[in-house]
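Enquirer: Next come a sequence and a model predicted from it.
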Amino acid sequence: MADNIAIAADKEGWASPILLLTWVAGTVDAIGYLGLGHVFTANMTGNAVLLGLAFGQGQFLAAFRALFALGGFILGVMIGAILAHRAGTDVDQRRAFVGPVIVEGLVLAVFAVLLHLPMIPRNQNTLYILIGLSAVAMGVQSAAVRRLNLPGIATTVLTGTITSLVAGLVRLLHIPYVSSPAEEPAASALGRSRHLKLQAGVFIVYVAAATTAAIFEHRVPVIVGLSPVVAVGLVLYFAASSAARPKASV
């Protein structure tokens, strides 16, 4: 059943929502690092490294920011997993994805307002609220994407995506390679070429989002803050449209 859902999800137009959510993660991580005290709120691997470095260097405030982001992300995953815990028909699958993304969009909207509203004081309390909101949103997003069950695809953890991409290219080029059983569904369910393109797209979009955020963070910061909200709105549009609705595979 899970493989059938993955087939339908990819064939029925889920690539665009996945890439849009990757844009959200790349932008939010850039905002966190550049504007929220050098912390990642989407990429928990990088955030864990920052946490360890801060502790090792005795920078306990920085460590607390990283730890706060980690806690927010875990809370977001819990919320997203609860909202996405639906099973059954293809419509249930679609709703299981849309529900968490709606919550993510609302949290990111509040985040954008607090980030750019002039009357909001810029102090440590505001900083932690912003870190918490963005981390919760990214945790919810991670749970929503995980619910789609697309092998080797993640919008907030790129290490696994890059590993799957390179391993897939090795198989595609017929280079001698011993694959694990867990990697086989990606080749059989989604089609190697399409799946590799989506994995490469996730990496490229994430880097492009971070680059764009870095360029405009000080020039037009409001665009950077609002772009994740717009991207999530487009995701909901795609997910709600008939073209993006998964249909049961036989």
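Expert: Thanks, I have the structure now.

Enquirer: Which residue ranges of this protein form helices?
Expert: For the chain, the helices defined by DSSP state H cover 2-11, 15-35, 44-56, 60-84, 90-116, 124-148, 158-172, 184-190, 192-216, 221-240.

Enquirer: TSV please, covering those and showing mean pLDDT and mean neighbour count.
Expert: Bear in mind the C-beta positions are built from the backbone N, C-alpha and C, glycine included. Formatted as TSV, the helices of the chain follow (pLDDT from 0 to 100; neighbours: other CB atoms under 10 Å):
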stretch	mean pLDDT	mean neighbour count
helix 2-11	43	19
helix 15-35	94	25
helix 44-56	91	17
helix 60-84	92	20
helix 90-116	87	20
helix 124-148	92	24
helix 158-172	74	17
helix 184-190	47	18
helix 192-216	89	18
helix 221-240	91	19
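
Enquirer: Do I have it right that residue 69 meets residue 133?
Expert: No. If you go by CB atoms under 8 Å, residue 69 and residue 133 don't touch, sitting 10.6 Å apart.

Enquirer: Residue 169 and residue 112: what is the separation?
Expert: 37 Å (CB to CB, to the nearest Å).

Enquirer: Nearest residue to residue 59 in space, please, no chain neighbours.
Expert: Spatial nearest neighbour of residue 59, chain neighbours left out: residue 53 (8.0 Å); criterion: CB to CB, 6 or more residues apart in numbering.

Enquirer: dump the residue contacts of residue 239.
Expert: Residues near residue 239 by CB atoms under 8 Å, 6 or more residues apart in numbering: 17, 94, 97, 98, 101.

Enquirer: Take the residues you listed and lay them out in CSV including distance to residue 74.
Expert: Formatted as CSV, the contacts of residue 239 follow (distance: CB to CB, whole Å):
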residue, distance to residue 74
17, 24
94, 26
97, 20
98, 22
101, 19
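
Enquirer: Let me know the closest of these to residue 147.
Expert: residue 97 (5.8 Å; CB to CB).

Enquirer: Distance-wise, check residue 53 relative to residue 39.
Expert: 12 Å.

Enquirer: again, but for residue 168
Expert: Residue 168 is 32 Å from residue 39, by CB to CB.

Enquirer: Would you mind confirming that residue 55 is in contact with residue 63?
Expert: Yes. With contact defined as CB under 8 Å, residue 55 reaches residue 63; the gap is 4.9 Å.

Enquirer: List the contacts of residue 236.
Expert: Here residue 236 is in contact with 98, 101, 102, 105 (CB under 8 Å, 6+ apart).
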